[in-house]
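Asks: got a predicted structure plus its sequence, pasted below:
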Amino acid sequence: MAFFSKSTTPAPAPPEEPSADLPAHVAIIMDGNGRWARQRHLPRIAGHRAGVEAVRAIVEACAARGVRVLTLFAFSSENWRRPESEVNLLMDLLLTSLQREVDRLHRNGIRLLFIGERAVFNAKLIEMMDTAERLTAANAGLTLVIALNYGGRWDVTQAAQQLARRVEAGEIRADEIDAAMIEGHLCLRGLPEPDLFIRTGGEQRISNFLLWHLSYTELYFTAILWPDFDARAFDDALTSFAARQRRFGRTGDQVEQAKGA
Ligand code: FPP
């Protein structure tokens, strides 16, 4: 498994100003690994392993097309409800895949970030996340955000707690808290909001992913199971995105006029 195939030359640097038709930030729920495995009479973990291959393809595609941020929902705060054996195998897979790939991601100018409550993970995984973030912190290529033990409600709750502590400490007044301040205490602070959300595997729901951030995100659902989601399928999602008119509350006429101005 490789997030970047060995034979390829380093990915081209992202264009300075990505076109408005290209999402700056893509967020993905990678669903369907279990069904992919079942269709092949394989254990579920085989689907997750194949899912790692799809991660490689989509990371490469994002870097090559100039997407600035890719956020992947790798393990939700609800995924602990799965059978213990699957959770353990998934943790091993995450650790080994990331251990194996960090150097290559770094060489390709990719910055790695992890979001979610990490204290619950074992010491090795926490150490790997901290080291990978430190190593790649100055990279200017694609930012790859991996959501692990993440939940949108948890994210908003921890932001509220931070703000409440600041009020208690007398640093800010409660009535100073506005949307920008809340956003500044969420895990994705400093990054552009997701422009395009993709969910594979046929379900059409958000499943407690980036609840705050998806307010104006374009949603794209596909029945393709995650291990089968390749660069071509990704390009189909980009084509769908490019054809949409994003109004952010304005009328279609206003948007067209602003484009022409
Ligand atoms: C959902 O499929 C998938 C997951 C909960 C895990 C996704 C994890 C990976 C692809 C592993 C690698 C990730 C990184 C970043 C290295 P499912 O099991 O819910 O599928 P089903 O709905 O068909 O049962």
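Replies: Received, thanks.
Asks: only C-alpha atoms for contact and neighbour calcs from this point on.
Replies: Fine.
Asks: now do the contacts for the residue of the stretch 101-250 of the chain found nearest the ligand.
Replies: Using C-alpha to the nearest ligand atom, the closest approach of the stretch 101-250 of the chain to the ligand is made by I146 at 5.8 Å. By C-alpha atoms under 8 Å, 6 or more residues apart in numbering, the contact list for I146 reads 71-74, 112-115.
Asks: any idea how far the ligand is from the residue nearest the centre of the chain?
Replies: For the chain, the residue nearest the mean C-alpha position is T71 (1.2 Å; C-alpha atoms, centre = their mean). Look at T71 and the ligand: by C-alpha to the nearest ligand atom, to the nearest Å, they are 9 Å apart.
Asks: correct me, but that residue touches A24?
Replies: No. Using C-alpha atoms under 8 Å, T71 is not in contact with A24; the gap is 11.2 Å.
Asks: before we move on, back to that, who does the residue nearest to the centre of the chain form a beta bridge with?
Replies: A27, V145 (DSSP bridges).
Asks: what about T131, neighbour count?
Replies: Residues lying near T131 (other C-alpha atoms under 10 Å) number 14.
Asks: residues of this protein that sit close to the ligand?
Replies: Contact residues, the chain versus the ligand (C-alpha under 6 Å from any ligand atom): 30-35, 48, 51-52, 74-75, 94, 97, 146.
Asks: for the residue nearest to the centre of the chain, which residues are in contact?
Replies: By C-alpha under 8 Å, 6+ apart, the contact list for T71 reads 25-28, 144-147.
Asks: for the chain, what's the longest helix?
Replies: Criterion DSSP state H: the longest helix present in the chain is helix 84-107.
Asks: that's all I had, so thanks and see you.
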